[in-house]
Structure formats: structure tokens, C-alpha cells
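Visitor: Here's my sequence, what's the structure:
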Amino acid sequence: MSQTTETAGRLHEAGRKGKDVRSDLSVSFDTQGGDADGPEIVLRSRVEPYYGNAIRQQVRDVLGAFGVTGGRMEIDDAGAVPFVIEARIEAALRSAFPERLGGATSTSAAAGAVETALRLVPRWNAESAL
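Guide: Purely as a prediction, here's the structure:
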């Protein structure tokens, strides 16, 4: 995996963390780390006994979709739903690999998150909800 000198070894973060955070997560990605088995994934979550394996698999799937074969991903989960998990990971990866993934500006990260959300969330029709 090629890295630019400006992003090598830096911590790239997305999301919020803290006692007040609900239905969100914080993602930190370090381009250094991982091993022959692939990226290292560290998950901290109150729902880990129930959803830990599914969250880890989703992280591996997203990293694979972006062609990331190394690094260390730390996740502090506060009950995030799958599309939020994917969007936060995407934002951190776009920050880590701006040349390869299309930029790290908040606009491009937000656009990517919106694109991901629109792809994953079923279309909602106000009339059908009544």
C-alpha cells in the first residue's frame, strides 16, 4: 500500500466519543500497524458481546473495499448503526489516503458519508408513513 509522506504514521479520526454520545462511534486509523493477517482492529463497545463479530466483519469489509491491507483501526462504539459505522470508517480512510481515495476535506468526507447513507438506507416516503 502506498502512503504519502504527509499521512504516514499519523492518526486519522472520525466521529464523536464521550459520555453523552449515542448512536455514533469514534474511529481512529493509524497507517502504521497490522501484520501479515491484515489490519489490526480494536473494538470497544457495550454491545460487543452481541454485535462485536458483526462490527469487526463490517470493518474488514469496508477496509477491503477501499483496498486497505494494513494499519490499525480503533473503534469506540456507542450503539452506531451499520451505515454510520461505514461512513465513519470511510471518513478516516479518506483522511489517511487522500490521493488514492479522493481527498480528505470535510466536504468530500461528508459527501462520502451521505453517499454511503443513501445507498444503505431504504428510501423513505412521507406519504407511505402516514
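
Visitor: Please count neighbours and contacts with C-alpha atoms only from this point.
Guide: OK.

Visitor: Just give me the longest helix of the chain.
Guide: Scanning the chain for the helix with the most residues, using DSSP state H, yields helix 48-65.

Visitor: buried residues in it?
Guide: By neighbour count on 16 or more other Cα atoms under 10 Å, the buried set for helix 48-65 is Gly52, Ile55, Arg56, Gln58, Val59, Arg60, Val62, Leu63.

Visitor: What residues are bridge-paired with Glu13?
Guide: Ser28 (DSSP bridges).

Visitor: any idea how far it is from Glu48?
Guide: In this view, Glu13 and Glu48 are 21 Å apart by Cα to Cα, to the nearest Å.

Visitor: Quick one: the strands in the chain, in order.
Guide: For the chain, strands defined by DSSP state E occupy the ranges 11-15, 24-30, 40-45, 72-78.

Visitor: mind checking which of these is nearest Ala92?
Guide: strand 11-15 (5.3 Å; Cα to Cα).

Visitor: just checking, what packs against that closest one?
Guide: strand 24-30, helix 82-96 (3 or more Cα pairs under 8 Å, 6 or more residues apart in numbering; DSSP states H and E).

Visitor: between the last one and strand 11-15, how big is the angle?
Guide: On the basis of axes from the mean of the first three to the mean of the last three Cα atoms, to 10 degrees, helix 82-96 is oriented at 150 degrees to strand 11-15.

Visitor: go on, the shortest one?
Guide: Orientation note: strand 24-30 sits at an angle of 170 degrees relative to strand 11-15 (the same axes, to 10 degrees).

Visitor: residues in contact with strand 24-30?
Guide: With Cα atoms under 8 Å, 6 or more residues apart in numbering as the test, strand 24-30 has contacts from 9-17, 71-81, 84-85, 88-89, 92-93, 96.
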